[in-house]
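>>> Quick one: sequence plus predicted model below, questions after.
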Amino acid sequence: MLITFFNAILIVLITWLAYLYFDQREKAMPARERYAQLMRGVASIVDRLEGYDKEHSREIAELSERIGVACGLNDQQLQSLNAAAMLHDIGELLLPRDLVKSDKKLEGDELELLRTHTLLGELHLKAQIEDLDEVPTLIRWHHERWDGLGYPDNLKGEEIPLAARIIALADAVSAMKATRDYRKRQYSRDEDVVAEVKRLSGMQFDPQLVKTWIAIGCPLASIKQ
Amino acid sequence: MTLRLQSAWLLEAVSEIATIDSVFFPFVHRFSALNWLSRRDFALSVNAFSPSQAMLLRAWLDGSYGVFSERNLQKFNQQIKNPLDLSMNPFRAWKDRLFDRQQLDYLFYWREAAFEIEEESQREIFWSAVYQIMSYWLSNRACEVEVECRPDEIMGLMLNRHAEFIKGREAKVAITSLSLDELAPAETCLTLFPMVFGDEENAEMTLQVVFDAWHNGHDDLEQARRQIRMQLRKYQIDLARPTDYYTITKLSANSKITALIWSGLDLPPALYEQEMVRPLQKAFAARYAKSQLLMKAVDRTCDAYDYLLLFY
């Protein structure tokens, strides 16, 4: 007999497992898409309340994803990266409106208070989701700098998780070409943004990440825009 | 030596137990890790693992140091227009291994120039800015990213960053540089042990080696490395050695609360619980009635978690 009884059992088993896998994946996909849509919805509310002139969080999430893919992050890491990038500024909703929307450059205690948005974002999300999920922690560290002079924990270099370094780069790139209440657009030309990112490599940004960003063509916004 | 000290998390956990206003660090891995606490009026007693680390702590955290003066900046950070004689440069062996020719010229010039600065605090700020510049150059070099800023411009930038960092800071940091055997317990509400495992060399350790050699005016990295490893070994706590429990319990003798923090990678939390937490609970059983282990995920795909163990 070409197919032994054992082989037949094996074929049936593999077919059944494959069916289970594809069936589960099909069921899981819409849930994932629904989750992504929900996340975009929440992020757009944050952006609206923050007074951004465009979909800031979505732009950062998509830019982060492009860099994350180029860095070789796996699916689970990309999912966390996306969620953290979408919600990175959520802590600002818990701060006084006049502070967040101030049209002057903040200093001293006011600046310190604004900087707590990273901690507030983490704290409030942590209270709502599973204890050992990394998304709140990534939100906490999206303003850390490669040279250890960021905030809130002054982490340095590779102490900062890669996903948080990616969000920091995407956020800064977006900020450089955005208008804020307290200032005009920092750089009007795209090449000036690229030059500034290169200048800050090894200070504000992870040099390896800057290299990766350059290798994928220095994207300044998401492809979908 | 990856170690993430999350001060706000620590205080959040400790505030449920007691009100604290002072913290003792028998060891600290990096000066900037103390920024959050020192900005919030906590009285800090910090023991640095080497004289150059103590210098960095003073320069970046002690508010009484102030900022680097404009007059000194003009005088001691001049642009080098023509290359210096390389044969006179004590760091010439590092050429193209760690730094390029221009960077080496500046490292030589800055070190010598600093000796001309009259006030010690100003000199230490200037030297500590070189630490940040070395970090910037080495990390870019490691990734083969070309640095476009001129060295004297970077020095100006770093001193600006220093001025921002030190601004509004009060001098409430007591800094020592002693071995764990010589160190006495401090009268503080909280004693905090950042835990260091193994002595595998990472980028930060390489930076400390290069900076120490430069600070001491020679290019012998092996000597600097041996020196640092010897100093660090006193802080690398091997929990299989009962004397280390003794060191930890001895140094926390005058505190209401003792906290141990560490960052784990590639090992599941249950293993740390079994191999570290339980033996420590036994060691502290006579001193503290309660203990609590807290964890935070950093990257679940590689079992990267931060841990905080409290005894009270």
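Received the coordinates, thanks.
>>> Might you report the residue contacts of residue B:104?
B:86, B:89, B:91, B:92, B:94, B:95 (CB atoms under 8 Å, 6 or more residues apart in numbering or on different chains). In short, each C-beta sits where N, CA and C put it, glycine included.
>>> Next, find the distance separating the third one from residue A:8.
Applying CB to CB, to the nearest Å, the value for residue B:91 to residue A:8 is 74 Å.
>>> of those two, who's got more company?
residue B:91 (21 against 11; other CB atoms under 10 Å in any protein chain shown).
>>> Next up, the contacts around the residue nearest to that one when sequence neighbours are not counted.
Computed as CB to CB, 6 or more residues apart in numbering or on different chains, the closest residue to residue B:91 that is not its neighbour in sequence is residue B:219, at 4.9 Å. Shown in contact with residue B:219 (CB under 8 Å, 6+ apart): B:90, B:91, B:92, B:93, B:94, B:213.
>>> follow-up on the earlier one: the contacts of residue B:104: which two are farthest apart?
Farthest apart among those by CB to CB are B:86 and B:94. That separation is 11.1 Å.
>>> of these two, who's got more company?
Between residue B:86 and residue B:94, residue B:94 has the larger neighbour count (other CB under 10 Å), namely 19 against 13.
>>> domains in chain B, as residue ranges please.
Chain B resolves into domains spanning B:7-61+B:171-196+B:235-311, B:66-166 when parsed by automatic domain parsing.
>>> Distance to residue A:163 and mean pLDDT added to the ones you listed, as TSV?
Formatted as TSV, the domains of chain B follow (distance: least, CB to CB, whole Å; pLDDT from 0 to 100):
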stretch	distance to residue A:163	mean pLDDT
domain B:7-61+B:171-196+B:235-311	7	91
domain B:66-166	18	96
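>>> interface residues of the stretch 1-150 of chain B facing chain A?
Residues of the stretch 1-150 of chain B lying close to chain A (CB under 8 Å from any CB of the partner chain) are B:2-8, B:12, B:30, B:32-33, B:35-36, B:39, B:132, B:135-137, B:139-140, B:142-145, B:147-149.
>>> from these, which would you call buried?
Among the residues of the stretch 1-150 of chain B next to chain A, those classed as buried by 16 or more other CB atoms under 10 Å in any protein chain shown are B:2-8, B:30, B:32-33, B:35-36, B:39, B:132, B:135-137, B:139-140, B:145, B:147, B:149.
>>> Restricted to helices, list the residues you listed.
B:7, B:8, B:35, B:36, B:132, B:135, B:136, B:137, B:139, B:140 (DSSP state H).
>>> How about residue B:283, nearest residue that isn't a chain neighbour?
residue B:245 (3.9 Å).
>>> quick one on the thing from earlier: could you work out the most separated pair of the ones in helices among the buried ones among the residues of the stretch 1-150 of chain B next to chain A?
B:8 and B:137 (31.6 Å).
>>> Pass me the low-pLDDT residue ranges in chain A, would you?
For chain A, applying pLDDT under 70 flags the ranges A:1-3, A:22, A:25-30, A:53, A:130-132, A:179-185, A:222-225.
>>> What count of nearby residues applies to residue 101?
In the absence of a named chain, chain A is used. Around residue A:101 there are 15 residues (other CB under 10 Å).
>>> Switch to chain B, please.
Neighbours of residue B:101 (other CB under 10 Å): 13.
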